[in-house]
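*Asks:* Predicted model, plus sequence, below.
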Amino acid sequence: MKARAWNPLDFDDPVIAPALTVLEALQRENVGDVVRYRIPADFGPYDEALADEIIELQQRVLDTFRKLVPPEAHLAVVDPEDHHPPLLFHHHVRFEEGLSRERLWGYKHYVMPAWWVGLLPDGDSWCFVGPGFSWEARYSVSGPSEIIIRGSRLISALDLPSIRLLRRFEQISLR
């Protein structure tokens, strides 16, 4: 049977417990290991004018996940508000090769996107949790949405200033 990149879990699946512990520990850690970006209210993760920048961001983050987490491991993808069941993301499974630009970029009513849940907030919040790091796409109804990157390994490996899409967002100072 061919491995799948995205594997749904039940809400109470014990496989997700270690990731939740990692996420809680990261959220308590030193401010220096966190980078936050405020996303403008008029930003849409399906804006065709930004499709190339969105795909670049997704590819850079995916490449970094693959670099930091061994092939036999996985990332946990959790909804911090518990509206959606968690997922296991087997990031080394090639789900993006040979896909159309539309599937890599975002949602179309008639096309299932390659990214089951996004790295950018699109109406839901999601946290991708690895060993000692997390990428959080926080959606807010009442205020600005955010991207929160936790863990020095992930922050240094991403080279955040070079990602074009992130330059459009306001970096929030935590000091």
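*Replies:* Structure's in. What do you need? Numbering: from 1, shown residues only.
*Asks:* List the buried residues for the helix of greatest length in the chain?
*Replies:* Using DSSP state H, we find that the single longest helix of the chain is helix 51-68. Neighbour counts over helix 51-68 (16 or more other CB atoms under 10 Å) mark A51, E53, I54, I55, L57, Q58, R60, V61, L62, T64, F65, L68 as buried. (Each C-beta comes from the backbone N, C-alpha and C, glycine too.)
*Asks:* if you average pLDDT over stretch 87-104, what comes out?
*Replies:* For stretch 87-104, the mean per-residue pLDDT is 89.
*Asks:* For that stretch, measure first residue to last.
*Replies:* 19 Å (CA to CA, to the nearest Å).
*Asks:* Next, count neighbours for H84.
*Replies:* 15 (other CB atoms under 10 Å).
*Asks:* That one: what's its closest spatial neighbour, skipping adjacent residues?
*Replies:* Among residues not flanking H84 along the chain, D124 sits closest, at 6.5 Å (CB to CB, 6 or more residues apart in numbering).
*Asks:* May I see the buried residues of helix 51-68 arranged in CSV, with pLDDT and distance to P161 as well?
*Replies:* CSV is the format used below for those (pLDDT from 0 to 100; distance: CB to CB, whole Å):
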residue, pLDDT, distance to P161
A51, 92, 21
E53, 95, 14
I54, 94, 18
I55, 93, 19
L57, 96, 13
Q58, 94, 18
R60, 96, 12
V61, 97, 15
L62, 96, 19
T64, 97, 14
F65, 97, 19
L68, 97, 19
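*Asks:* which among these gets closest to L88?
*Replies:* Nearest to L88 out of the buried residues of helix 51-68 is F65 (CB to CB; 12.9 Å).
*Asks:* quick one: contacts for the closest one?
*Replies:* F65 is in contact with L75, H91, F128, G130, counting by CB atoms under 8 Å, 6 or more residues apart in numbering.
*Asks:* With secondary structure added, can I get those residues in JSON lines?
*Replies:* Listed next are the contacts of F65 as JSON lines, based on DSSP: H, G, I helix; E, B strand; the rest coil:
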{"residue": "L75", "secondary structure": "strand"}
{"residue": "H91", "secondary structure": "coil"}
{"residue": "F128", "secondary structure": "strand"}
{"residue": "G130", "secondary structure": "strand"}
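*Asks:* What is the nearest of those to V117?
*Replies:* For those, the residue nearest V117 by CB to CB is F128; the value is 8.5 Å.
*Asks:* That closest one contacts I147, doesn't it?
*Replies:* No: look at F128 against I147 with CB atoms under 8 Å: they stay out of range, at 11.0 Å.
*Asks:* Now for those two: what residues contact both?
*Replies:* Common neighbours of F128 and I147, counting by CB under 8 Å, 6+ apart, are L119, W135, E136.
*Asks:* will you turn those into a markdown table that also has neighbour count, distance to P8 and secondary structure?
*Replies:* Shown next, in a markdown table, are these (neighbours: other CB atoms under 10 Å; distance: CB to CB, whole Å; DSSP: H, G, I helix; E, B strand; the rest coil):
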| residue | neighbour count | distance to P8 | secondary structure |
| --- | --- | --- | --- |
| L119 | 20 | 18 | coil |
| W135 | 22 | 19 | strand |
| E136 | 23 | 20 | strand |
